[in-house]
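Trainee: coords please:
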Amino acid sequence: MQVLTDVKNAWKFLHLNAQQFPSLPRWRQLLEMILLFIFRDIGPGYYLQARWWRPEIPFKDKWLHTNKKEYNNFIDRWNSRPYQKTSQHKVVEKAVLQLLAVPTPEFIGFLHHRAGVQKSGQPLCTLDDFIRLCQLHVGQRICLKPVEGYGGAGFAAFNIEFHDRLLFTHPFSNAITEISDWWQLAAENPDGYIVEHYLQQHPVLSAINPHSVNTLRIWLYQARGEVKIGGAFLRVGRKGSLVDNTSSGGMCCPVDISSGILQYAANAKNPLLQTSCHPDTGGQITDVQLPFWPECLALAARALQAFPHVNVAGVDVAIAVDGPKMIELNVKPDQIGCARIDLPLKRVDQWLRGHDTTR
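Mentor: Below is the predicted model:
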């Protein structure tokens, strides 16, 4: 079984790097894995992702994490199902956020074969409509996102240029894409695309990796008029990739919540592979102070409060030159995020219910 191989490889790595990665004795780790699997249905894979070999993590905290079934029930309990879709369609989400003055990347239009419309109110349904829109933005960089998508799938960003004809060029490789060719591919998505101005991220984030807009995933929850921050990590793309999603190969960089300082970078699939610098660009990660950190937390809280009957979310925030911008709100963020930020959801559930969580 692959998980047994993963455990053996982890133990070998920890043995060879004992000074850098202090760990519990193997017998203790094995006992914990068995207990969590038998009584909590939390497998060894989650144990490794959460880096629960660390001696400083109390076993009672591990016990308070959720298994998959509990996680689904937790989300449905605190995020009312009829309202979950309000933040899962990017046009609806954008409308709510802009109406409530939550800063987001600048909207250009909604591209759809029947209901498409530009910001100006002009139609955006056909290739000719799209070309006319692009003519208005020659010399600019735009991004196109499927209105319903996951993990960065379908995302595209282009510079709009005119060289004897209108065309798209890749932001970094300068590879040419004919607008008509992209349109044919886009036609396969019946839900359409949201078109936005490409966000120019803060130089601190560009210094880590300029090829992707590197965004924060901030976990937070609310009840009784109070918003709590559960944890956060910065997602950083790899060289040549326009997306930073960990599901698409991006790196995970936990953030110290009190200060906004990055702790380290880890491979999302193998958290043992930690580094202080970006492996492709050499950009420093460990001990980097994120700009506008208090404003990032405040923006995430405003975004959560904007959606009715949504009490738990993973909010994605980008940091632009002039401050944070809301990218999207996830009413059912990847459960593995809890492992990456040491967030026991059963304790969160107790707080949401109004129970004492200090014991």
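Trainee: can you list the low-confidence ranges for the chain?
Mentor: Along the chain, the parts satisfying pLDDT under 70 run over 151, 247-248, 356-359.
Trainee: walk me through the domains of it.
Mentor: Domain ranges of the chain: 2-60, 69-102+202-352, 107-197, per automatic domain parsing.
Trainee: in the one helix or strand residue 13 maps to, what's buried?
Mentor: Using DSSP states H and E, residue 13 maps to helix 2-16. Using 16 or more other Cβ atoms under 10 Å as the test for burial, helix 2-16 gives 6, 7, 10, 14. All C-beta spots, glycine's among them, are computed from the backbone N, C-alpha and C.
Trainee: which residues in the stretch 51-200 of the chain form helices?
Mentor: 59-63, 68-78, 81-84, 90-99, 127-135, 179-186 (DSSP state H, counting those that start in this stretch).
Trainee: right, so of those, which gets closest to residue 350?
Mentor: helix 68-78 (11.3 Å; Cβ to Cβ).
Trainee: list the helices and strands the closest one packs on?
Mentor: strand 312-320, helix 345-352 (3 or more Cβ pairs under 8 Å, 6 or more residues apart in numbering; DSSP states H and E).
Trainee: hmm, 10 Å instead?
Mentor: Using 3 or more Cβ pairs under 10 Å, 6 or more residues apart in numbering; DSSP states H and E, the elements in contact with helix 68-78 are helix 81-84, strand 215-223, strand 312-320, helix 345-352.
Trainee: residues making contact with it?
Mentor: Contact partners of helix 68-78, identified using Cβ atoms under 10 Å, 6 or more residues apart in numbering, comprise 40-43, 46, 65-67, 81, 84, 221-223, 309-313, 331-335, 338, 345-346, 348-349, 352-353.
Trainee: buried ones only from these, please, as a PyMOL command.
Mentor: In PyMOL, a selection of the buried entries from the contacts of helix 68-78 looks like this (16+ other Cβ under 10 Å):
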select buried, resi 40+42+46+65+66+67+84+221+222+310+311+312+313+331+332+333+334+335+338+345+348+349+352
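Trainee: what pairs with residue 255 across the strands?
Mentor: residue 262 (DSSP bridges).
Trainee: check contacts around it.
Mentor: Counting by Cβ under 10 Å, 6+ apart, residue 255 has contacts 216-218, 231-234, 261-263, 288, 290, 293, 296, 341.
Trainee: re earlier: tell me how far the helix holding residue 13 lies from the chain's centre.
Mentor: Put simply, helix 2-16 sits 28 Å off its chain's centre (Cα atoms, centre = their mean, to the nearest Å).
Trainee: and for stretch 210-220?
Mentor: 6 Å.
Trainee: end to end, how far does it reach?
Mentor: 28 Å (Cα to Cα, to the nearest Å).
Trainee: buried sites along that stretch?
Mentor: Buried residues in stretch 210-220, counting neighbours by 16+ other Cβ under 10 Å, are found at 210, 211, 212, 213, 214, 215, 216, 217, 218, 219, 220.
Trainee: now, among the buried residues of helix 2-16, which is nearest to residue 185?
Mentor: Once Cβ to Cβ is applied, the member of those that ends up nearest residue 185 is residue 6, at 36.5 Å.
Trainee: isn't that closest one up against residue 33?
Mentor: No: using Cβ atoms under 10 Å as the test, residue 6 is too far from residue 33 to be in contact (11.4 Å).
Trainee: what touches both of the two?
Mentor: Common neighbours of residue 6 and residue 33 (Cβ under 10 Å, 6+ apart) are 44, 45, 47, 48.
Trainee: closest to residue 135 among those?
Mentor: Of the shared contacts of residue 6 and residue 33, the one sitting nearest to residue 135 (Cβ to Cβ) turns out to be residue 45, at 50.5 Å.
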